[in-house]
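J.: Pasting a predicted model and its sequence here:
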Amino acid sequence: MSQNGQTGHNGTTAVPGGGSEHQLRRSLGFRDLVVYGLLFIAPMAPVGVFGTLDAKSHGAVALVYVVATVAMAFTAFSYAQMVRVVPQAGSVFAYARAGLGNGAGFIAGWMAMLDYVLIPAVAYLFSGIAMEALVPEVSRWVWTAMAVVVTTLLNLWGVRTAARVGFLVLAMEIVVLVVFVITAIVVLAQDGAERDWLSPLSGDGTQGAFALSAVVGAVSVAVLSYLGFDAIATFAEEVTGGSAKVARALLFCLALAGVLFVAQTYLVALLEPVSSARLAAEPERQGSAFYDAVDASVGTWLHDLVAVSKAIGAAFAALAGQAAAGRLLFAMGRDRRLPGALSRTDSGVPRVALLVSAVITMAAAVWAARRDDGLDHLVSVVDVGALTAFTLLHASVVGWFVIRRGGGGAVSWWRHLLVPVLGAAITIAVIVEASGTAQVVGAIWLAVGLVVLAVQWRGRRDAEAAGV
């Protein structure tokens, strides 16, 4: 069998050394991949960080998302390069292993695991907080746990079923976003804008002249809105029609998310009655700035509609994240980098890996839901793992195509060297700009991973010496 895997007569994906109990079923199309990517990202992801970005960028919040989309395009392009030659579950784990070796592959998967477990926990917590606001008689941790159970059952049912339900939720989120866009345009046409029409791209002038450094600093926060689009690549062994479809879905999903993010932040910035300088001076206003602007300019009904959409959408963003985490654990278990039981499948569904992922996510989400500062703790550490994995992804493109010449053809110096080097520079810069807490947690997680890798290496060396 080839390294890239083959499709068996029953629609499952065959991989080296994998029996039928270690195979995934091909059942996803292009639309399903885009649904999973957009669900994980969430079409209205900027809602929660709009105020922070507006304050940091001196009012140029739409420009921030333009720059962030371009920055993340480098990572999407590197994913598209690798998924074509290594179309396996596990995503960055499989790519780094192919391009850089087994050790780097394990570290890439280990770092990605941190975020694939914690990002769904944050989303579940968002859902629990929103439901508690609607039904305060029930504690947020109960709502959080219920969201984990419901979405886990959908994932255990099968990736196709989860994608169908996810499509309905995504359609609802898109409808709410369209309602917001149309309503905002009507209000702006009737009443005019609170800020200058170009201010979302050039700044509102309340914190001095336009500052490129302020925009770049805000980009380090904005890229968090995109984390999750890469989850599409984890379904590479469950796609009908070949890996090229995964590559197209990755690029399409990122481009569509960028358009949605720029459009909504441009409109809400024009509706925002509070200046960026005041938001910077009063940080307690930043978290609710999007809702406050909608409430003041349109009315409470749209405020509530957006809030309900975010509550439901958050739970299903977690569903997509949990599914991706399960595929990552499955792939690492199949390669014996984690316990082999994680690689077992039932009717093509990696139920063991999904359950393990759900238990870990449930523990983190419920723990955070029972603490007043739980959300702050989770949010502060969700990005470093993914960004480190992205950096290794870019390195794997260079390793596979330039150093190992695994592509089998001529090296493209812009696709295989320039783009990944620039992409790695961007992700490293964002890590440097991350919070101190995130950097410490990321360093500790990396250190633990290196210890696990060393133990595995020693165990294999001893086994080889003993002739096992």
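T.: Nice, thanks for sending it over. Numbering: from 1, shown residues only.

J.: so what pLDDT did Ser347 get?
T.: In this model, Ser347 is scored at 71, pLDDT.

J.: List phi and psi for it.
T.: phi 60, psi 40 (degrees, to the nearest 10).

J.: tally of neighbours for it?
T.: 8 (other Cβ atoms under 10 Å). In short, each C-beta sits where N, CA and C put it, glycine included.

J.: pretty sure it contacts Gly158?
T.: Yes: using Cβ atoms under 8 Å, Ser347 is in contact with Gly158, at 7.4 Å.

J.: low pLDDT regions in the stretch 101-250 of the chain?
T.: The stretch 101-250 of the chain contains residues with pLDDT under 70 at 133, 159-160, 241-242.

J.: What segments of it are helices?
T.: Here the stretch 101-250 of the chain has its helices, by DSSP state H, counting those that start in this stretch, at 102-134, 140-157, 159-191, 199-202, 212-222, 243-271.

J.: residue contacts, the residue nearest to Ala162 when sequence neighbours are not counted?
T.: Nearest residue to Ala162 in three dimensions, chain neighbours excluded: Leu154, at 4.6 Å (Cβ to Cβ, 6 or more residues apart in numbering). Applying Cβ atoms under 8 Å, 6 or more residues apart in numbering, we find Leu154 in contact with 161-162, 165, 319.

J.: do the same with Asp295
T.: 302-303.

J.: how close does it sit to Ala320?
T.: Distance from Asp295 to Ala320, counting by Cβ to Cβ, to the nearest Å: 29 Å.

J.: tilt between the helix or strand hosting Val34 and helix 159-191?
T.: Under the criterion of DSSP states H and E, Val34 resides in helix 30-41. An angle of 60 degrees separates the directions of helix 30-41 and helix 159-191 when computed by axes from the mean of the first three to the mean of the last three Cα atoms, to 10 degrees.

J.: Any buried residues in helix 30-41, and which?
T.: Going by neighbour count (16 or more other Cβ atoms under 10 Å), the buried part of helix 30-41 is 32-41.

J.: Redo these as TSV? Include pLDDT and distance to Phe210.
T.: Shown next, in TSV, are the buried residues of helix 30-41 (pLDDT from 0 to 100; distance: Cβ to Cβ, whole Å):
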residue	pLDDT	distance to Phe210
Asp32	81	42
Leu33	82	38
Val34	82	35
Val35	80	38
Tyr36	76	38
Gly37	80	33
Leu38	83	32
Leu39	79	35
Phe40	76	33
Ile41	80	28
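
J.: would you list these in JSON lines and tack on distance to Arg334?
T.: Output for those, formatted as JSON lines (distance: Cβ to Cβ, whole Å):
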{"residue": "Asp32", "distance to Arg334": "22"}
{"residue": "Leu33", "distance to Arg334": "21"}
{"residue": "Val34", "distance to Arg334": "26"}
{"residue": "Val35", "distance to Arg334": "25"}
{"residue": "Tyr36", "distance to Arg334": "21"}
{"residue": "Gly37", "distance to Arg334": "23"}
{"residue": "Leu38", "distance to Arg334": "28"}
{"residue": "Leu39", "distance to Arg334": "25"}
{"residue": "Phe40", "distance to Arg334": "23"}
{"residue": "Ile41", "distance to Arg334": "27"}
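
J.: Name the nearest of these relative to Thr361.
T.: Phe40 (13.5 Å; Cβ to Cβ).

J.: and that closest one, what is it in contact with?
T.: 119, 228-229, 231, 317, 320-321, 324.

J.: from those, which is closest to Ile174?
T.: Distances from Ile174 to those, taken by Cβ to Cβ, are shortest for Ala317, at 13.8 Å.

J.: Can you pull the phi and psi angles for Leu319?
T.: Taking degrees, to the nearest 10 as the convention, Leu319 sits at phi -60, psi -50.

J.: OK, contacts around it?
T.: 39, 120, 151, 154-155, 162, 166.

J.: Throw together a PyMOL command that grabs the buried residues out of those.
T.: A single PyMOL command selects the buried members of those (16+ other Cβ under 10 Å):
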select buried, resi 39+120+151+154+155+162+166
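
J.: and of the contacts of Leu319, the nearest to Thr388?
T.: Pro120 (18.6 Å).

J.: pretty sure the closest one contacts Ala318?
T.: Yes: with contact defined as Cβ under 8 Å, Pro120 counts as touching Ala318 (3.9 Å).

J.: Give me the common contacts of these two.
T.: Shared contacts of Pro120 and Ala318 (Cβ under 8 Å, 6+ apart): Thr361.

J.: Roughly how far does the spatially most central residue of the chain sit from Ser275?
T.: Most central in the chain under Cα atoms, centre = their mean is Gly228, positioned 1.5 Å from the mean C-alpha point. Distance, Gly228 to Ser275, using Cβ to Cβ: 32 Å.

J.: now Ala68
T.: 22 Å.

J.: since we're on Ala233, how many residues are nearby?
T.: For Ala233, the neighbour count with other Cβ under 10 Å is 31.
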